[in-house]
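**Q** generate a structure from the sequence data that follows.
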Amino acid sequence: MELKNFIKSLSIMHLFLLIGLSIFTIWVIFQINTFNTDSNAGSVFLYAVPIFAMIGYFGSQWIFKKMTSKIQLNTRLEDKLKKYQSALHIKYALIEMPAFIGLFAYYNTGNALPLVISICLLAYLAVQRPNKDHIIKNVPLTAEEQSQIQQA
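**A** I've put the predicted structure just below:
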């Protein structure tokens, strides 16, 4: 496995997830084209979306840390990176799902709260862009493996 291609493929995957969610967000905003801030609407979405968002946010961090902490220092670099990639996929999915649920809720109710939550999750997803420093920080690596990643 070539490290440069691995990092590039992670970045491209992240970019496509970000672009897809951004395009859907823009589409939903233009479809509704109005904001409702009525908190007495009685919609279950107004209660479910913040709960899903918190579960997605904190769950993504917890599961990512749990999965990366299980990576053994003495395994091959390729295996470590595959496990890191799997952890990232799950992390991104746990961020994206509540964002889509929030956009769906906004589309159905017109209430701005789910939209704002979805935009916050979109911003959080944007700052989760994979790079060499994140790999070095989150994966247990030997000094030689760290230098390999830095040089990639």
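**Q** report the central residue of this structure.
**A** Centroid check for the chain by C-alpha atoms, centre = their mean gives residue 92 as the closest residue, at 2.9 Å.
**Q** host element of that one?
**A** Under the criterion of DSSP states H and E, residue 92 resides in helix 77-109.
**Q** where does the protein have low pLDDT?
**A** Applying pLDDT under 70 to the chain picks out residues 1, 39-42.
**Q** now the nearest residue to residue 132 once chain neighbours are set aside. Its backbone dihedrals?
**A** Ranked by C-beta to C-beta, 6 or more residues apart in numbering and with sequence neighbours excluded, the top spatial neighbour of residue 132 is residue 149, at 5.4 Å. Using the backbone N, CA and C atoms, a C-beta is placed for each residue, glycine as well. Phi and psi for residue 149, reported as degrees, to the nearest 10, are phi -70, psi -40.
**Q** could you measure from residue 145 over to residue 4?
**A** Here the criterion is C-beta to C-beta, to the nearest Å. By it, residue 145 lies 15 Å from residue 4.
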